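A.B. asks: fold the following, please.
(chains A, B, C and D)
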2 protein chains.
Amino acid sequence: MHLRHMSGRMIGDQKTVLKFETMLNNVISGDSIEIMKQIPDNSVDLIFADPPYNLQLENELYRPNETKVNGVSEDWDKFRSFQDYDDFTLNWLSQCKRILKESGTIWVIGTYHNIFRVGKIMQDLGFWILNDIVWIKTNPMPNFKGTRFNNAHETLIWASKDKESKYTFNYKTMKAYNDDLQMRSDWYIPICQGDERIKINGQKLHPTQKPEALLYRIITATSKPGDIVLDPFAGTGTTLVVAKKLGRSFIGIEKEPLYVDACRERLKNTASYQQKLLDYPLEIRPKRVPFGSLIENGYVKAGEYLYSPDGEARALVLANGTLSYEDKYGSIHKISAMILNKPANNGWAFWYVKRDGKLVSINDLRQKLLKDQYANHHGIQ
Amino acid sequence: MHLRHMSGRMIGDQKTVLKFETMLNNVISGDSIEIMKQIPDNSVDLIFADPPYNLQLENELYRPNETKVNGVSEDWDKFRSFQDYDDFTLNWLSQCKRILKESGTIWVIGTYHNIFRVGKIMQDLGFWILNDIVWIKTNPMPNFKGTRFNNAHETLIWASKDKESKYTFNYKTMKAYNDDLQMRSDWYIPICQGDERIKINGQKLHPTQKPEALLYRIITATSKPGDIVLDPFAGTGTTLVVAKKLGRSFIGIEKEPLYVDACRERLKNTASYQQKLLDYPLEIRPKRVPFGSLIENGYVKAGEYLYSPDGEARALVLANGTLSYEDKYGSIHKISAMILNKPANNGWAFWYVKRDGKLVSINDLRQKLLKDQYANHHGIQ
DNA sequence: TTCGTTACTGAATCTGGAC
DNA sequence: CGTCCAGATTCAGTAACGA
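C.D. replies: Numbers count the residues shown, from 1 in each chain, chains lettered A, B, ... in the order given. Here you go, the predicted model:
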């Protein structure tokens, strides 16, 4: 099944081929940037990245007295720290840009500590930001000291590879998902807790394990079943587990061996949904049917009339698939736009034919044609 | 009254003193950076900045009903490149840093078009970010083409002058204001409309006038009566008007003469309420749970069936939060309407799941999820 | 006057396939 | 590549209008 995704991709030497196959539906233990260097150009459909937030904090954590001992001015230290973080960010994002398919998109999550630097670098690299999403935590940790506003959200940046990219966004699915209203940029999701939170001896294994619900929404909205999802900072594998559930292929990269073990354990216990649950027919764009096809196939006859919704106006159907209305000639779209006095109009939604004295939408006839053709093609009666 | 604020401040030559006094409780017409250069070091308590966003709109946009969207087409929002925008941002933020008091804080508002660049530059300049706040619009403009998530928020960065600054944050006031819960980083405020929106001959004067409620919360939370509030991009003066109402002094800078006139007119009609708490409604988060959330959180599982009230009809729940019924796909609402042969229907009141052999309303599951998710936030067990 | 209906609008990076 | 043109696409709220 995985091999399906390989077809048509440009691949380098044999070593790389093997590497990629090995990576697919696995967690690779190692440095994210080094591992990504072994992934071919334009080879993954979706990236979700939860990078380390601020190396400065780590420095302070591991070497608390360095600043004092060396007498280094704090400004310099801060600058160096930002510079290090920017270099690191530029490196891993550059690899992401290279290996992302033209049609692919990337998600990066962060907080105010790092997300502004990340976003600026993404723009500089040519990623085209499509949205920033705020994950609003329904149950955030309070601000114990009462010194600031309760930090109740994290920010996600969603971007395509280039400004001109055609990207996957399952708009209609998300609208149905959201009670028939457009999905907005504010998402209300609880933090990861309870059984979902991985614990060793009662201690949480990972400090910032993301909730599966967040990844569920991301992967559902911006990828198709069978797509390849990459998480370069896999942690305990939430992205991979949800990708697997949703019938996507995945690649995880994680440096910390303890997390890698946890990933593999979670994946072992995760099953994919069966195929029929992964259908997304709402997103399938109906094949274009020129109005002329209706005539060619006898659904509409040259010489009959098309009627406006109120039945008042009527236009003659010519043999070449165009309409004649008063002294005007043109497509179903042009003539309907003229009648409605609008710059443009979708004629499929305007015109009706008379069948047994009743008005029947030509759009229904189009649907019927598509269905009949499909049935014919598949030998269904 | 103004002189009170002058005491104890270091001031340069006589010219500057006069300048500053002239500026206080006024709107200065001119270039923001040039005017700020004339303001002494360490002299303002609070800065609110709403800089150009650099939206990069290229084409005209039409609503589905063919009406044209009146976007931001003003020259002041146009920059040749990211580099130009960064230079501009660095310049005005540098002046802000210089003139801000040690105890002062700064707010900057933006969207994904610019906020990441702004935040990065703020950090580079040594501003210490205290929070990022998301202004969630209760009534945003939809995404008419269905191409992305509806961009329903803007981001504000709140920062102190330095990491070590002692800054003003009226924690208890905010907590009281928020029903005795800590004020969070997600704020729910409608866009500026109705009588508040300034119009000339029925046309909006400023394309991006901010709601007073937003400024009310900012100034109430992070300044004290008598403080000096600066807005370097004053526009039609929302910041200044709210500052005046709340008994703060203010300085506004605005380049466009039409806006300056509007500012002065608004200020003339604004009374200072000093300490009095104004009655801006505190928007409550819409506690709406989309059907998809039930699946994300495991209250309903992909692959199970929803049943009609009589248990006769059943629809399959797909992994993406939509339903499959016979050969039709759609939301819980659409499918239920189809079964009832009605143009529309509330799916929440129609569908049931089976639990222990009994039918349970999905509306009850929604209530349960709501209760579970917000239990922590409200301190409920 | 009241109530229902219609029209209008808002910081928006807003199409895509065939030729 | 660019050009052409079919055809898919909106939510909350205010204001004006008419019965």
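A.B. asks: by mean pLDDT, which helix or strand of chain A comes out lowest?
C.D. replies: helix A:66-70 (a mean of 36; mean pLDDT, DSSP states H and E).
A.B. asks: after that one comes which helix or strand?
C.D. replies: Note on helix A:66-70: by DSSP states H and E, the next helix or strand toward the C-terminus is helix A:74-99.
A.B. asks: return the distance of stretch A:339-347 from the chain's centre.
C.D. replies: Chain-centre distance of stretch A:339-347: 34 Å, with C-alpha atoms, centre = their mean, to the nearest Å.
A.B. asks: buried sites along that stretch?
C.D. replies: A:339, A:345, A:347 (16 or more other C-beta atoms under 10 Å in any protein chain shown). In short, each C-beta sits where N, CA and C put it, glycine included.
A.B. asks: what's the closest non-adjacent residue to the second one?
C.D. replies: Closest residue to A:Asn345 apart from its sequence neighbours, by C-beta to C-beta, 6 or more residues apart in numbering or on different chains: A:Ala337 at 3.9 Å.
A.B. asks: please identify which helix or strand holds that neighbour.
C.D. replies: For A:Ala337, the enclosing helix or strand under DSSP H and E is helix A:332-340.
A.B. asks: circling back to that earlier point, nearest to chain B among the buried residues of stretch A:339-347?
C.D. replies: Relative to chain B, the closest of the buried residues of stretch A:339-347 is A:Asn345; by C-beta to the nearest C-beta it sits at 8.5 Å.
A.B. asks: the closest one against A:Ile332, yeah?
C.D. replies: No. Under the criterion of C-beta atoms under 8 Å, A:Asn345 makes no contact with A:Ile332, lying 9.1 Å away.
A.B. asks: before we move on, the earlier item: indicate whether the helix holding A:Ala337 makes contact with DNA strand D.
C.D. replies: Yes. Helix A:332-340 lies within reach of DNA strand D by C-beta under 7 Å from any atom of the strand, at A:332-334.
A.B. asks: now do stretch A:121-128
C.D. replies: No. Taking C-beta under 7 Å from any atom of the strand as the criterion, stretch A:121-128 and DNA strand D are apart, separated by no less than 14.5 Å.
A.B. asks: pull the CA atoms of that stretch into CSV?
C.D. replies: Extracted as CSV, the C-alpha positions of stretch A:121-128 are listed here (Å, rounded to 0.1, in the frame of the first residue of the first chain):
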residue,chain,number,x,y,z
ILE,A,121,11.5,33.1,8.9
MET,A,122,8.7,31.1,7.2
GLN,A,123,7.8,34.2,5.2
ASP,A,124,11.4,34.9,4.4
LEU,A,125,11.7,31.3,3.0
GLY,A,126,8.8,31.9,0.7
PHE,A,127,6.2,29.9,2.5
TRP,A,128,2.8,31.5,1.9
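A.B. asks: for it, give the mean pLDDT please.
C.D. replies: Taken as a whole, stretch A:121-128 has a mean pLDDT of 98.
A.B. asks: what's the distance between the residue nearest the centre of chain A and chain B?
C.D. replies: Nearest to the geometric centre of chain A sits A:Thr222, at 1.6 Å (C-alpha atoms, centre = their mean). To chain B, A:Thr222 is 10 Å away according to C-beta to the nearest C-beta, to the nearest Å.
A.B. asks: contacting residues for that residue?
C.D. replies: Contacts for A:Thr222 (C-beta atoms under 8 Å, 6 or more residues apart in numbering or on different chains) come out as A:46, A:105, A:107, A:158, A:167-170.
A.B. asks: which of the residues you listed lies closest to B:Arg148?
C.D. replies: Closest approach to B:Arg148 among these (C-beta to C-beta): A:Phe169, at 6.6 Å.
A.B. asks: what about stretch A:197-205, how long is it end to end?
C.D. replies: Stretch A:197-205 has its terminal residues 8 Å apart, counting by C-alpha to C-alpha, to the nearest Å.
A.B. asks: do stretch A:114-133 as well
C.D. replies: Terminal residues of stretch A:114-133 are spaced 15 Å apart (C-alpha to C-alpha).
A.B. asks: great, nothing more from me.
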